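>>> Could you work out the structure for the sequence below:
(one chain, ligands or ions: 1)
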Amino acid sequence: MSELKHDFQQEVERLEYTKQYMDEILAASQRDLKAVQDKIKESMANLEYIDSSDSYINILTNSRFFELALNQKESLEAVKKKPYFARIHFQRHGEAEELLYIGKTSLFHNETFEPIIVDWRSPVANVYYDGRLGEITYPVRDEIFTGHLYSKRQYKIENGELLNFQDVDLTTNDDLLQEALSGKADVRLTEIVATIQKEQNEIIRAHLRQPILVQGAAGSGKTTIALHRISYFLYTMGENFNPEQLMILAPNKLFIDYIGDVLPELGVEHICQTTYEEYVQNATGIKLKLTNSNERLEEIVEDGIDTLPSFSIPKIKGSLLYRDFLDRYIKLHEQTLAQLFDEDVYIEKYKIMRGSHLKNLFLSEFAYMPIEKRIERIKKVVQAEVKRKAKSVLATLNKRYEDIIGKALNGLRDPDKRRETVTKFIDERDERIPKIKQEAKSAATTYMRRFEKAKIKPMYRKFLTDRVLLRDLTPEWTIEEQERFIQFHLKEKWSLEDLAAIYYLHAKIKGVADQWKMRVVFIDEVQDYSLFQLAALKIGLETDMFTMVGDLAQGIHSYRSLTEWDPVLNLFPRANYFTLQKSYRTTIEIMEVANKILSKMDEALPLVEPVVRHGNEPTFVQSETFNAEIIDDIYKKIQQNGHKSIALICKTAKEAKTYAASMNAAGVESQVLSEESNLNEAKLLIVPSYLAKGLEFDAVIIAAYDSPYYDTPIDRKLLYVALTRAMHELYLVGPNKGVFLLDDN
Ligand SMILES: Nc1ncnc2c1ncn2[C@@H]1O[C@H](COP(=O)(O)OP(=O)(O)OP(=O)(O)O)[C@@H](O)[C@H]1O
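Have a look, this model is predicted:
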């Protein structure tokens, strides 16, 4: 028998063994879960395992297989279909050689302690992603281990059957990757765990307690990495963080649906997946009807004029200067409240506390807290002090009455006068003491009543429209600019840019409630955020543990958002910055076209390197007017090539509607994608360019008629986004190549 055959046979046996053991566990867990757990606990009690710093408890909790057995039979079945995807032949210095099988969960033999499957997120699995063959090092917690990596092997297992395996070295890595990349759009995001590349792995595992910022080319795996990093984070830091304390901010609902299936596959559940809009409204409890920012984008790109006016309100509202204005506003509010401490706290005529002391607490000692939290704390201080002092006031008074009554009793000779005086004092005492007691009960509340709670929405509205206030708070602006700002806000309408301000005011004045105080944040498409949006989040959440991934070349909202990364790095001084240049999505031929557009951009970003994967040349189809039959022909041809997810991308939603009408008239079923819709691959998806961001399709047809792409910053980005959505095939349909900013040859 040849060596390979022999190997294959052995691998088949190994897979059988693994599956059998899984069945045993499953059966046992169903018979008597508790007993099995106890037994494992007991037998692992003295376990010294390869990641030896892990206690057995750790191993148990890491042993997701058991959790799955406990919780979900379905997921368990899924694991059984593909228990592992790779193997390393490895030897830690000073120890025996080992074959470690790497999968999406871990599984240990409960008697021999043998690791049957090692979780891809475990420290030793890093060797698989990071290590070249030969001498290697890998960190476990704070220790560095060294060893020798003899081989890396990848398996193709489907439905529990071993189809194939291949040993990986530098040359085969590309083959394996290519095979993975030639897959279809519907199974992609989830299946990359086997082919995560070294530079991606570095980002996934980069310092978990530090912020990271990734500038990654279109299709370089940013979304994928962010999702895997979440999974890795929970695996590694799960003891200190609940999934509920993690939040992923996505650009829209469509995108959340898109990634929705992936997270459970990566063992991540219960994390908060939301959009900035939704999060802010939930966290502040302020519901706003926002103008649709995509409609605004449409207006901007309609005529191809996207140079910003020098006084652009959306841009201003995203700036740190705007934050400074609001800081002044908050200061003003704080000062107004501070003045209310000018009065002292009294019970009857007794001074219980000096207002100046409370003012000092308010303005300096408690200054680290949100304003209304300080007021709450001060109320407690006053309450405690009133309680304490009231006791001594009462004791003193009682004593004094006792004394003067005693004096009257002993000192006055005239019995009538004596009775009269004593009665007077007794009456006075009996009236005064209960009154004081009563006052003491409510003194703190009465004193603190003057501090009314702020109403953030009207407060912000005042900032937007109050001339006198603006004169005070925005000296950097000319009077004309202030007037323009006021005029802009005469009619009450709210847009995305106002959310950062509202959240910021809420955070600084009221504080973010625990339920919304996420401790770790993952942001996809971060280039669409403004600096102030990020700053507000960071302040409100009191954390800088942000993973931010984005691509300036896709910054289609740059009229109101980021155009460079430096300010973000200044905002997050602890951040590690990474770049990803390789695109895993598109073929070389498609990327060539996209790179032409990229090179026209002002950002001077390096060209994207596609991983070596060839496909058909993108095809330009000339037609003077939009012709549904031409599109239908292309659509059918793509389907014949075996592709399922196919998008017709156009610049605007308006154009998408026109196209859909034509397509439907020609009898082709289509669906215009909106933020609320579900992706339906059975139909031709018609997608406005800005909504396509973050998504990918097997094939893309870009048509441009009513709204051609102009050679302006935003249009170049929209076109670039559209071009880079295609995985395998690309068609450009229009009256000439110029509408796609391409030369005729
Ligand atoms: N290491 C990898 N192995 C296999 N496939 C990968 C790898 N990295 C990324 N991919 C695939 O490449 C495609 C692009 O990944 P992803 O959507 O995460 O990129 P992105 O950087 O977020 O793109 P964009 O900015 O254009 O939205 C996906 O289909 C993903 O599965």
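
>>> tell me which element Arg229 is part of?
According to DSSP states H and E, Arg229 maps onto helix 222-237.

>>> which residues sit against that helix?
The contact list for helix 222-237, computed with C-beta atoms under 8 Å, 6 or more residues apart in numbering, reads 62, 119, 121-122, 189, 192-193, 196, 200, 203-206, 208, 214, 216, 241, 243, 246, 248, 259, 262-263, 266-268, 271, 520, 522, 524, 547, 549-551, 580, 694. In short, each C-beta sits where N, CA and C put it, glycine included.

>>> Quick check: strands, which of the residues you listed are part of them?
Per DSSP state E, strands hold the following members of the contacts of helix 222-237: 119, 214, 216, 246, 248, 520, 522, 547, 549-550, 580.

>>> and the ligand, which of the residues you listed reach it?
Gly216 (C-beta under 6 Å from any ligand atom).

>>> Make JSON lines out of the ones in strands among the contacts of helix 222-237 and add pLDDT and neighbour count.
Listed next are these as JSON lines, based on pLDDT from 0 to 100; neighbours: other C-beta atoms under 10 Å:
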{"residue": "Asp119", "pLDDT": "89", "neighbour count": "23"}
{"residue": "Val214", "pLDDT": "98", "neighbour count": "25"}
{"residue": "Gly216", "pLDDT": "96", "neighbour count": "26"}
{"residue": "Leu246", "pLDDT": "96", "neighbour count": "23"}
{"residue": "Ile248", "pLDDT": "96", "neighbour count": "25"}
{"residue": "Val520", "pLDDT": "97", "neighbour count": "24"}
{"residue": "Phe522", "pLDDT": "97", "neighbour count": "26"}
{"residue": "Thr547", "pLDDT": "98", "neighbour count": "27"}
{"residue": "Val549", "pLDDT": "98", "neighbour count": "26"}
{"residue": "Gly550", "pLDDT": "97", "neighbour count": "23"}
{"residue": "Leu580", "pLDDT": "96", "neighbour count": "24"}
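
>>> quick one: Phe425 and Ile405 touch, right?
Yes: using C-beta atoms under 8 Å, Phe425 is in contact with Ile405, at 5.0 Å.

>>> Doesn't Gln154 lie inside a helix?
No: using DSSP: H, G, I helix; E, B strand; the rest coil, the assignment for Gln154 is strand, not a helix.

>>> What's the local residue count around Trp669?
Actually, residue 669 is Glu. It isn't Trp. 11 (other C-beta atoms under 10 Å).

>>> List the contacts of the residue lying closest to it once chain neighbours are set aside.
Closest residue in space to Glu669, ignoring its immediate chain neighbours: Lys683 at 4.7 Å, by C-beta to C-beta, 6 or more residues apart in numbering. By C-beta under 8 Å, 6+ apart, Lys683 lies in contact with 669-671.

>>> Buried residues in the one helix or strand Lys331 maps to, which are they?
Assigned by DSSP H and E, Lys331 belongs to helix 320-339. Buried residues in helix 320-339, counted by 16 or more other C-beta atoms under 10 Å: 320, 322-323, 325-326, 328-330, 333-334, 337-338.

>>> which one of those residues sits closest to the ligand?
For those, the residue nearest the ligand by C-beta to the nearest ligand atom is Leu320; the value is 26.0 Å.

>>> which residue sits closest to the closest one in space, ignoring its chain neighbours?
Leu531 (5.6 Å).
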